[in-house]
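1. Got a predicted structure here, sequence first:
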Amino acid sequence: MSGQGEQCRILKQVAAEMLACKKRGASAEEANALLMKGLVCLTEIKAANRTLCEETERVRDLTAEAKAQFDTAELSLQNLLYEKRHYLKEIRACKAYRSKYSDEEIGLMPEEEFLATAPEQFKEGIEDDHKRMLQRLDHEKYERGEAVKRVQALQMRRDALANNLKNKQDDLERVEQQFAAVRATAEPMREKLGIPAMRRPPGQVRCSALLPLPLYVAYVQLAAAQEAFDLPADVSIAGSLAEAEALASRPGDGASAADAASEAGGMDVDEDAEDADTETDLEPGEHRPVKRPRSAGATALDQAHPLMVIVKLSGDSGSSGALTLRLHYIPRLKLVTADCAEATGSARLARLFDGDDGLTVPTEAAHLAAGGQLSWEHTRSDRPYRWAQDLAGLDLLPPLDALGSGADGAAIPAGRLPDLRRKANARAVLERLSAR
């Protein structure tokens, strides 16, 4: 730039000298010399200007390139800062997340267990903490994958069992259709012979499916005897359907009824709540359930099933009045107990069969279930009569006290066997209860 300025100064000086020569009338040779000198200066000025333009273009290109690099670096920086903020946000979200499962339930297995049980392929290079954590994660992924495979295998087995169950249900439906056809064929014969039809209300059918087996046997025998011999009795099922359905959904043989009852406070249940449950579950044609008795001295061990069998006897011409028999089942002791809703009914039950007052527990299994020290309270209204066990189809061994020892030979006489056989007759039970 300084060289170009010097050339411009020289050019101005040459122009001034040419003007001076023209004024004083200098010779042509002197004027040509000054002209050549000015042209040389002008040429040098143009060369310097071209060089300056080229340098400016080069600097502009360098500036654009540097600006592009700066923009790229700035964009990369903004991307990195955005990723950093995103990762920090995700980290905070993960730390603040509260799952319904604890870390002990879904977290990695302890490092000691990993070192003790993991295959050797997951123990390579675990001296480094980061590598060890990666190996633990791989091992956890492998173990959970194997667990998923086991779950899928169990699901396939469940589906196969479900298909098998469906096939069996289809077979049962076909058998039921065949029974319906047989029933329709036998209906004219039944009407001709005058045999009353056995019809139970829909609600009672649903209740009977929830009865324990002994009560179901007693219910079927009593209902069949009442309808076959036209006895003055009304057989029905009462109790809490909600509790029975909850009990039926639990695994086991029904012995957990005592546990459920003990959690609810034993026999002293809320009458209002129980009435609300039963009223909700009633269907057209179903008998209204009655309240379960609050037996004195009842514990979780001798807690009864929530459903019971009710037999209402109106009595015949020589009867002493109506009677309501109630049959309960105690799952833990596997005993059927009986009582009456009327205050005077207990004495009638105790005199129903000779030598069976209901105060002696009729089975040795019940004694063992109670720790060998089971005695029935006199104050309890329900008693485990022997005829109640026979009526429910419980063919049980009598306790040792009833059999006696081998020394005195006080066993049950052979002559009493017909009486014991007659106790299992539902017709005999209903007729004796109806009689005076």
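-> Nice, thanks for sending it over.

2. Which parts of the stretch 151-300 of the chain are helices?
-> 202-210, 213-229, 241-248, 257-263, 271-281 (DSSP state H, counting those that start in this stretch).

3. Now for the protein, the helix or strand with the poorest mean pLDDT.
-> One helix or strand of the chain scores below all others by mean pLDDT, DSSP states H and E: helix 271-281, with a mean of 41.

4. pLDDT on the helix or strand following that helix, on average?
-> Next along the chain after helix 271-281, taking DSSP states H and E as the criterion, comes strand 307-313. Taken as a whole, strand 307-313 has a mean pLDDT of 91.

5. how near is Pro119 to Gln178?
-> 59 Å (CB to CB, to the nearest Å). To be clear about C-beta, it is placed using only N, CA and C from the backbone, and glycine gets the same treatment.

6. same check, this time on Lys37
-> With CB to CB as the criterion, Lys37 and Gln178 are 136 Å apart.

7. Neighbour count: the two, which is higher?
-> Lys37 (16 against 10; other CB atoms under 10 Å).

8. Name the nearest residue to that one, ignoring sequence neighbours.
-> Of all residues not flanking Lys37 in the chain, Val14 sits nearest, at 5.2 Å (CB to CB, 6 or more residues apart in numbering).

9. for Leu35, same thing?
-> Using CB to CB, 6+ apart, the nearest residue to Leu35 is Met18, at 6.9 Å.

10. and that neighbour, what element?
-> Applying DSSP H and E, one finds Met18 within helix 2-24.

11. so what secondary structure elements neighbour that helix?
-> Packed against helix 2-24 by the contact rule (3 or more CB pairs under 8 Å, 6 or more residues apart in numbering; DSSP states H and E) you find helix 28-96.

12. any idea of the mean pLDDT in the following helix or strand past the helix it packs on?
-> Downstream of helix 28-96, the next assigned helix or strand under DSSP H and E is helix 103-106. Throughout helix 103-106, pLDDT has a mean value of 77.

13. what do you get for stretch 111-129?
-> On average, stretch 111-129 scores 85.

14. Show me what that stretch is in contact with.
-> 108-109, 131-132, 135-136, 138-139, 142 (CB atoms under 8 Å, 6 or more residues apart in numbering).

15. what's the closest of those to Val336?
-> Val336 lies nearest to Met109 out of the contacts of stretch 111-129, by CB to CB, at 51.6 Å.

16. list the contacts for that closest one?
-> 117, 136, 140, 143.

17. again, 10 Å this time
-> 116-118, 136, 139-140, 143 (CB atoms under 10 Å, 6 or more residues apart in numbering).

18. Wait, a helix at it?
-> No: checked against DSSP: H, G, I helix; E, B strand; the rest coil, Met109 lies outside a helix; its state is coil.

19. any idea how far it lies from Pro119?
-> 13 Å.

20. Could you do Ile330 as well?
-> Distance, Ile330 to Pro119, using CB to CB: 54 Å.

21. try Glu65
-> The gap separating Glu65 from Pro119 is 56 Å, by CB to CB.

22. With Gln177 instead?
-> Distance of Gln177 to Pro119, computed by CB to CB: 58 Å.

23. what kind of secondary structure is Leu352 in?
-> Strictly by three-state DSSP, Leu352 counts as coil.

24. how many neighbours does it have?
-> 21.

25. for it, what are its contacts?
-> 325, 338, 358, 385, 387-388, 423, 428-429, 432-433, 435.

26. again with Leu325
-> Counted by CB under 10 Å, 6+ apart, Leu325 has contacts 222, 233, 235, 309-313, 338-342, 345, 348-349, 352, 388, 429-430, 433.

27. ok, now which ones touch the closest residue to Ile10 other than its chain neighbours?
-> Nearest residue to Ile10 in three dimensions, chain neighbours excluded: Cys41, at 5.0 Å (CB to CB, 6+ apart). By CB under 10 Å, 6+ apart, the contact set of Cys41 is 6-15.

28. Tabulate those residues (CSV), appending pLDDT.
-> Shown next, in CSV, are the contacts of Cys41 (pLDDT from 0 to 100):
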residue, pLDDT
Glu6, 69
Gln7, 66
Cys8, 70
Arg9, 72
Ile10, 72
Leu11, 70
Lys12, 74
Gln13, 75
Val14, 72
Ala15, 75
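
29. from those, which is closest to Ala242?
-> Distances from Ala242 to the contacts of Cys41, taken by CB to CB, are shortest for Cys8, at 112.5 Å.

30. isn't that closest one right up against Lys46?
-> No: using CB atoms under 10 Å, Cys8 makes no contact with Lys46, being 11.5 Å away.

31. Of the two, give the one with the bigger neighbour count.
-> Cys8 (15 against 12).

32. List the residues that contact that one.
-> Neighbours of Cys8 in contact, by CB under 10 Å, 6+ apart: 41-42, 44-45, 48.

33. Now the buried members of those residues.
-> Buried members of the contacts of Cys8, counted by 16 or more other CB atoms under 10 Å: 41, 44-45, 48.

34. from the residues you listed, which two are the most distant?
-> Cys41 and Ala48 (10.4 Å).

35. Show me which of the contacts of stretch 111-129 is closest to Asn32.
-> Distances from Asn32 to these, taken by CB to CB, are shortest for Lys131, at 91.1 Å.

36. Tell me the secondary structure at the residue nearest to the closest one when sequence neighbours are not counted.
-> The shortest distance from Lys131 to any non-neighbouring residue, by CB to CB, 6+ apart, is to Gly125 (4.8 Å). Secondary structure assignment for Gly125 (three-state DSSP): coil.

37. and what of Leu327?
-> Leu327 - assigned by three-state DSSP - is strand.

38. I figured it hits Thr337, correct?
-> Yes: the pair Leu327 and Thr337 qualifies as a contact (CB under 10 Å) at a distance of 7.4 Å.

39. joint contacts of the two?
-> Common neighbours of Leu327 and Thr337 (CB under 10 Å, 6+ apart) are 304, 308, 382, 385, 388.

40. can you count the residues close to Cys340?
-> Cys340 is flanked by 21 other residues according to other CB under 10 Å.

41. Ignore what I typed, I meant Asp230.
-> Residues contacting Asp230 under the criterion other CB under 10 Å number 9.

42. Check Leu213 too.
-> Neighbours around Leu213, by other CB under 10 Å: 13.

43. how about the nearest residue to it, chain neighbours excluded?
-> The nearest residue in space to Leu213 (CB to CB, 6+ apart) is Gly393, at 7.8 Å.

44. what about that neighbour, which SS state?
-> Three-state call for Gly393 (three-state DSSP): coil.

45. residues in contact with it?
-> Contact analysis of Gly393 by CB under 10 Å, 6+ apart lists 213-214, 216-218, 220-221, 336, 424.

46. now stretch 99-107, how far from the chain's geometric center?
-> Its chain's C-alpha centre and that of stretch 99-107 lie 18 Å apart, by CA atoms, centre = their mean, to the nearest Å.
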